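**Q** quick one, structure for this:
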Amino acid sequence: MTTFLFLTCSLHARNLDVIIVRGAEGAEEYGKKFTAQVEAWAAACSKAGFAPEVLRGENTTAELQTRLSKAQSERSLWLVLIGHGTFDGREAKFNAEGPDFDAKQLTSWLAPLKQEIVVIHGASASGGFVRPLAGKGRIIITATKGPDEVFYARFGEHFAEAIGGLGDADIDQDKQVSLLEAFRHASQAAALFYENEGRLATEHALIEDNGDGVATRREALEAPPTEAKLDGERASQLVLVLSDEEKKLTDEQRTKRDALELELKKLKEQRGTLGEETYYTKLEKLLRQLSEVYGSSRPAT
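**A** Numbering: from 1, shown residues only. Next comes the predicted model:
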C-alpha cells in the first residue's frame, strides 16, 4: 500500500519549498531513525512557520519526479533525502520504498529548474550525487565523500537536529543555524561517534555550493585560509529557522543583502590591486546600499 504525505508548504514573506523524501528502512531500527529525522525536520519547519512536503511509499520515485516537474520557478527548493543508499560500481542510488532512483535521474529532474536548489542527501553512497547535481545556484550536501562509502550514515541524524536552531550548532551566535553551520556540526558529530567508539569512520560529509563540482570537507573549512576556492560561502547565508532579527527582512531584502555581502567580501579580497582611493569609493557605495536594506526593514516613525 502506498503512503504519500503531501502537505502544502507556505511561509509568510519567504519563497521556499521543503520536500522530504523518506526512503526504505530495510530494518526496523533504521525505520525509527528515519522517522526521527523526518519529525525533526517537520519540527524545524513548524518553527519556521510551515509544514514540509513528505514523500514516502512504493510510488515515491514517480511522485518525486512529478512534484519536481511542477516546482514553481519563483520559489527556492530544499530537497532532503533520508534513508539508505547503494552503489553498484557504476551508479549511486537512493533506496526508495518502491523503485530506487539514481544520481542521473535526479539530475535530469532538476535540470529544468532555474531557482536556487539545496539538496541535503544524508544516506550512504550519497557522495556519488555531488558531481552530477552540482551547478550554479545549487548547494549540495552529502553524508559521504563518495559512492563507495556504503555503510549506514549518521550525518543526517545530526543535521536534522541542528537545522532547527540547535544552540551548539550556532557557531557565530546569531540566534539561527545556517546550512553551513548545520553541515559543520553534523560532520563533526558523526566523526566524534566513530572516534568515541574506536571505529574506523565510514562516512565523510561533503558540501558543494560554488558550482565547480569539487566539494569540500569540514576539516578543510576549519583549516587556515588558503588561496583555494572553498565551498560554504553561499551555504553560510541560508537559514531555515530565522532569528527575530532576520524575520524583520523580506525575502527580497535578504536576497539583496546576501548579494551585497558577497560583493563586499570580493571587494576586500581585491583591495591590494585596486588602490586605496578606488577601494574606499567602492566600499562606501556598498555600505550605503547595505544600510538602505536594513533601513527599509524598520517600521516608519
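**Q** burial count for Gly31?
**A** Using other C-beta atoms under 10 Å, Gly31 is surrounded by 14 other residues. C-betas here are computed from N, CA, C, even on glycine.
**Q** so what pLDDT did the nearest residue to it once chain neighbours are set aside get?
**A** Take Gly31 and drop its neighbours on the chain: the residue closest to it by C-beta to C-beta, 6 or more residues apart in numbering is Glu25, 3.3 Å away. pLDDT recorded at Glu25 is 94.
**Q** was I right to think Glu25 contacts Gly83?
**A** Yes. Counting by C-beta atoms under 8 Å, Glu25 touches Gly83, with 7.4 Å between them.
**Q** between those two, who's got more neighbours?
**A** Gly83 (29 against 19).
**Q** quick one: Glu284 is in a strand?
**A** No. With DSSP: H, G, I helix; E, B strand; the rest coil as the criterion, Glu284 is helix rather than part of a strand.
**Q** what's the spacing between it and Leu133?
**A** To Leu133, Glu284 is 39 Å away according to C-beta to C-beta, to the nearest Å.
**Q** so, low pLDDT: which residues of the stretch 51-200 of the chain?
**A** For the stretch 51-200 of the chain, no stretch has pLDDT under 70.
**Q** between Glu284 and Leu133, who's got more neighbours?
**A** Per other C-beta under 10 Å, whichever of Glu284 and Leu133 has more neighbours is Leu133, with 22 against 10.
**Q** sec struct for the residue nearest to Gly31, please.
**A** What three-state DSSP gives for Glu25 is coil.
**Q** what distance do you get for it to Leu206?
**A** 24 Å.
**Q** could you find the closest non-adjacent residue to Asp168?
**A** Leaving aside its chain neighbours, Asp168 sits nearest to His185 (6.7 Å; criterion: C-beta to C-beta, 6+ apart).
**Q** let me see the contact set for Ala103.
**A** Counting by C-beta atoms under 8 Å, 6 or more residues apart in numbering, Ala103 touches 91-93, 128-129, 132-133.
**Q** sorry, slip of the keys, the one I care about is Asn210.
**A** Asn210 touches 229, 231, 233-234, counting by C-beta under 8 Å, 6+ apart.
**Q** most neighbours out of these, which is it?
**A** Of all the contacts of Asn210, the highest neighbour tally under other C-beta under 10 Å goes to Asp231, namely 26 neighbours.
**Q** distance check, it against Ile139.
**A** For Asp231 relative to Ile139 (C-beta to C-beta), the value is 9 Å.
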